[in-house]
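Coordinates for the following, if possible.
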Amino acid sequence: MLGSPDRRNSELFTLTYGALVTQLCKDYENDEDVNKQLDKMGYNIGVRLIEDFLARSNVGRCHDFRETADVIAKIAFKMYLGITPSITNWSPGGDEFSLILENNPLVDFVELPDNHSSLIYSNLLCGVLRGALEMVQMAVDVKFVQDTLKGDSVTEIRMKFIRRIEDNLPAGEE
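Sure thing, here's the model as predicted:
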């Protein structure tokens, strides 16, 4: 038996992503350059993915960063990766939080080689989040602070709201 179509698709995606990261490691001399490329690729995906997300989810404009966090964790991650991260570690000002991924589907079947200890294997996700949120007028900083591939018990993505991006529409074009 081949298993469910969703499981096969998930495994194909995971293996394809692994092949992409492997190729980037061959193409670039150091992990930092690979991390930058993964972020850049993710950003470009996020810029395009937000339209699909908004069309399929029927989510309206979020009123604050807490609502944005809920939409990301409970709808977007579920829709595209089949997981629901928990939201935790809110800053006192409410402008920063963590997404805790109990299991990151991108890292199934993955073990980091010793010579790639500074590789942020799933950095594509940070770029996707940054790119998608920029398209809905939110500038954010997104980074991994814990990673199960590096021996941590969970994978943690830290998100910080930087500022609302103002539309630069000509006067009267609201």
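
low-confidence ranges in this structure?
Where the chain drops to pLDDT under 70, the residues are 1-9, 168-174.

so what's the residue sitting nearest the centre point of the chain up against?
For the chain, the residue nearest the mean C-alpha position is residue 125 (2.4 Å; C-alpha atoms, centre = their mean). Residue 125 is in contact with 42, 106, 142, 157, counting by C-beta atoms under 8 Å, 6 or more residues apart in numbering. No exception for glycine: its C-beta is placed from N, CA and C like everyone else's.

for whichever helix in the chain runs longest, packing partners?
The longest helix of the chain (DSSP state H) is helix 31-57. Packing partners of helix 31-57 (3 or more C-beta pairs under 8 Å, 6 or more residues apart in numbering; DSSP states H and E): helix 5-27, helix 77-81, helix 124-135.

Mind listing residues that contact the first one?
Read that as helix 5-27. 2, 31, 34, 37-38, 82, 105-110, 116, 119, 121, 124.

I'd say residue 165 and residue 138 touch.
Yes - applying C-beta atoms under 8 Å as the test, residue 165 and residue 138 come out as touching, 6.8 Å apart.

who's more crowded, the two?
Between residue 165 and residue 138, residue 138 has the larger neighbour count (other C-beta atoms under 10 Å), namely 19 against 13.
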